[in-house]
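In: Have a look; sequence and predicted model below, questions after that.
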Amino acid sequence: MSEALLALDNVRAVLHTRHQSQALLNGVSFSIAKGEALGLVGESGSGKSLTTRAITRMLDPAFEVSGSITFDGAPVLSMTPSELRSYRSMDIGMIFQDPRAHVNPVHTVGDFLTEELVRNRGLTRDEVEHRAVALLDEVGVRYPERRLTQYPHELSGGMLQRVMIASVLLAEPRLILADEPTTALDVTAQSDVMAILDEQRRARGLSLLFITHDLELAAACCDRLAVMYAGEIVEQGAHVYESPGHPYTIELLGARPSIDERLDRLPVLRYNRDIHEQLKAEA
Amino acid sequence: MTISMEKTVKTPAVAARQPGFLQKGYERLGLAGSAAALVLLFVSLSAAFAPLLAPYDPDFPDLLAALSGPTAEHPLGTDALGRDILSRLMWGARVTLAGPGLVILLSTVVGTVLALVAAWCGGRVDTVISWVLDILFAVPGIVFALISVAIWGPSLFTVVAGLAVAYIPYVARVVRGAGLRERNLPYVSAAWLQGQSGAGITFTQILPNVQGIVIAQAISSLGFAVIDLAAVSFLGLGVQPPTADLGLMVKSGFDSVLRGHPAEAIAAGVLIILIVWCVTVIGDRLTTAARSMR
């Protein structure tokens, strides 16, 4: 692998409440090279979204974050507010699970796409709109000119997620964080949106951190997988999907229902915190 | 006032495809609200065009016709100095609408800015702003008007300034609550992640989302401001005679009531009640509409 664009080393996020302290991220380490896609999978509550929040420094101030996060050699955790702002707006782009909640309902799609670039990068509105139209067309939005004057509620969820992808690409970041970008969409829209994201990312040579529950989807469009459990990465590598090594991953992959067999009961994961702690103690 | 202006707009030709201004207004205001808007529009227009429409000079004393009661020449009669009551109502309504309008405009702008800053910054800034608002809230508006008069002397503008300060918390408390709710919505963190500044997000992202609440609250407070300003004028501390003002007319008509000529006091009193009723109904409907849109 070439040099790492984003590197997390032993990142811990500890939540201090009045009565107790709990580490919700417990020593997360991984790196993403330039142009590489890493799939971060794991069950709900395993810390996937917290990891993206740590990377973007959007964690609640109640968290105490330690370890190191570097982006292209720059330490993210010690950035000044202005460095942080340019890091967030220029270097990373984030795609969210629920596009409808993440756009302001009172602004048109055109405003949403262009406002930030016009204000912070000194581009003219015409210029940005021109590029926005071209990009909307590339991500498969029909009648892109008309979309610019429409409001978010006039677009379907799949359409809006494409607009989100366009807005991220428009800002020309180097790393895309996609936090379950297809979970809120139906299956056909899912595959379309994923195909577009994958295609655009490869064409531009962007890095991607792709967070999902869907192991197959992650295996299909990512170079490497990292499996999270209880705030830790239990296993990562290029062949996790084909040849899992960790008991949790093996069980997780075994728990997927197959279309070819008929099952009365779906398998239940037996892996739990006790086994997890025991395994760690043995190692 | 904003709503009544919408009523003047002719339904555009596209009304069949998209709900027009009139239709939208009717949907939000309902029957009573629309009626109130029409009445308020009528009163505002008569007040605005008083110099053209008023049958007499409001300050011209026709002592021979004093306290005439309703006649063909003076439909509502004349006051103790023989001034035409209808003309004085039209001129008086200008002050009675413009004064509270100014109070609400000032207090809404200041209150909204304070509220959004408090909601965005949170922490100590929020605590201090909320304290100030609570203190303002605890003191009746009239007291601020009286303090202002005590310092700068009785006039319309000192009273307006005092009341404007007193009305800040009415808008600010509601907007702060709405702002706190908005700032925790995902679209705000998305904008933050895009690299927008706090001020930018507050005024371009959050403000448009709370504007319905701001307008509804402002119009609801307008009714109270009309009464407060009329009360201060009634006490003789606001608008100074001979300027026509509804509160002042109730006061000057008061003496004639005892002499058996209630026309001036009743006419001015009824007009105040009418204005307040219209404004309150419209404000009420807009508040309901703003809530149901959330």
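Out: That came in fine, so what should we check first?
In: Identify all contacting residues around the helix or strand encompassing A:T188.
Out: According to DSSP states H and E, A:T188 maps onto helix A:187-204. Contacts with helix A:187-204, where a contact means C-beta atoms under 8 Å, 6 or more residues apart in numbering or on different chains, come from A:37, A:95, A:138-140, A:156-158, A:161-162, A:165, A:169, A:176, A:178, A:181-182, A:185, A:206, A:208, A:217, A:221. (Glycine included, C-beta is placed from N, CA and C.)
In: who's in contact with the residue in the stretch 151-294 of chain B positioned nearest to chain A?
Out: Chain A sits closest to B:G195 of the stretch 151-294 of chain B, with a gap of 2.3 Å, by C-beta to the nearest C-beta. Shown in contact with B:G195 (C-beta under 8 Å, 6+ apart): A:85-86, A:88-90, A:116, A:120.
In: Grab the nearest non-local neighbour of it.
Out: By the measure of C-beta to C-beta, 6 or more residues apart in numbering or on different chains, the closest residue to B:G195 outside its immediate chain neighbours is A:S89, 2.3 Å from it.
In: Could you pull up the contacting residues of that neighbour?
Out: Applying C-beta under 8 Å, 6+ apart, the residues near A:S89 are A:116, A:120, A:171, B:193-196.
In: rewinding a little: by neighbours, which of the contacts of B:G195 wins?
Out: Ranked by the number of neighbours (other C-beta atoms under 10 Å in any protein chain shown), the contacts of B:G195 place A:R88 first, at 23 neighbours.
In: Correct me if wrong: it contacts B:A191.
Out: No - using C-beta atoms under 8 Å, A:R88 makes no contact with B:A191, being 10.6 Å away.
In: what does chain A have sitting close to chain B?
Out: A:56, A:58, A:85-86, A:88-90, A:92, A:94, A:96, A:98, A:101-107, A:115-116, A:119-120, A:167, A:171 (C-beta under 8 Å from any C-beta of the partner chain).
In: Just the buried ones from those residues?
Out: Buried residues within these, defined by neighbour count using 16 or more other C-beta atoms under 10 Å in any protein chain shown: A:56, A:85, A:88-89, A:92, A:94, A:96, A:98, A:102-104, A:106-107, A:115-116, A:120, A:167, A:171.
In: Check which helices and strands the next helix or strand after the helix holding A:T188 is in contact with.
Out: With elements assigned by DSSP H and E, the helix or strand that comes after helix A:187-204 is strand A:207-212. If you count contacts as 3 or more C-beta pairs under 8 Å, 6 or more residues apart in numbering or on different chains; DSSP states H and E, strand A:207-212 packs onto strand A:4-16, strand A:21-33, strand A:37-42, helix A:48-55, strand A:175-179, helix A:215-221.
In: most centrally placed residue in chain A?
Out: Nearest residue to the geometric centre of chain A (C-alpha atoms, centre = their mean): A:A178, 2.6 Å.
In: Show me what that one is bridged to.
Out: Here A:A178 sits in beta bridges with A:I95, A:F210, as judged by DSSP bridges.
In: for it, what are its contacts?
Out: Taking C-beta under 8 Å, 6+ apart, one finds A:94-95, A:197, A:208-211 in contact with A:A178.
In: Tell me, how many residues neighbour A:L59?
Out: A:L59 has 19 nearby residues by other C-beta under 10 Å.
In: got it, and A:M194?
Out: When neighbours are counted by other C-beta under 10 Å, A:M194 registers 20.
In: From chain B, how far out is it?
Out: 20 Å (C-beta to the nearest C-beta, to the nearest Å).
In: same check, this time on A:L217
Out: A:L217 is 23 Å from chain B, by C-beta to the nearest C-beta.
In: Quick check: closest non-adjacent residue to that residue.
Out: In space, A:L217 is closest to A:M194, 6.4 Å off (C-beta to C-beta, 6+ apart).
In: Please tell me how far that neighbour sits from A:A184.
Out: Separation of A:M194 from A:A184 (C-beta to C-beta, to the nearest Å) stands at 13 Å.
In: Could you do A:G122 as well?
Out: In terms of C-beta to C-beta, A:G122 sits 35 Å off from A:A184.
In: do the same with A:S66
Out: Taking C-beta to C-beta, one finds A:S66 at 33 Å from A:A184.
In: Over to B:G111?
Out: For B:G111, the distance to A:A184 (C-beta to C-beta) stands at 38 Å.
In: ok, B:L235 - contacts?
Out: B:K251.
In: can you list the residues of chain B near chain A?
Out: B:185-187, B:189-197, B:200, B:204-205, B:208-209.
In: next one: phi and psi at A:I92?
Out: Per-residue torsions, A:I92: phi -120, psi 150 (degrees, to the nearest 10).
In: which stretches of the stretch 1-150 of chain A have low pLDDT?
Out: For the stretch 1-150 of chain A, applying pLDDT under 70 flags the ranges A:1-2.
In: Residue of it nearest chain B, please.
Out: Shortest the stretch 1-150 of chain A-to-chain B distance, computed as C-beta to the nearest C-beta: residue-wise this is A:S89, at 2.3 Å.
In: and that residue, backbone torsions?
Out: According to degrees, to the nearest 10, A:S89 has phi -90, psi -30.
In: do you know how far it is from A:R119?
Out: 10 Å.
In: Pull up the overlap in contacts between those two.
Out: B:Q196.
In: ok so, going back, closest to B:Q240 out of the helices and strands packed on strand A:207-212?
Out: The closest of these to B:Q240 is helix A:48-55. By C-beta to C-beta, the value is 62.2 Å.
In: I'd like to know which elements the closest one is packed against.
Out: Partner elements for helix A:48-55 (3+ C-beta pairs under 8 Å, 6+ apart): strand A:4-16, strand A:21-33, strand A:37-42, strand A:63-71, strand A:175-179, strand A:207-212.
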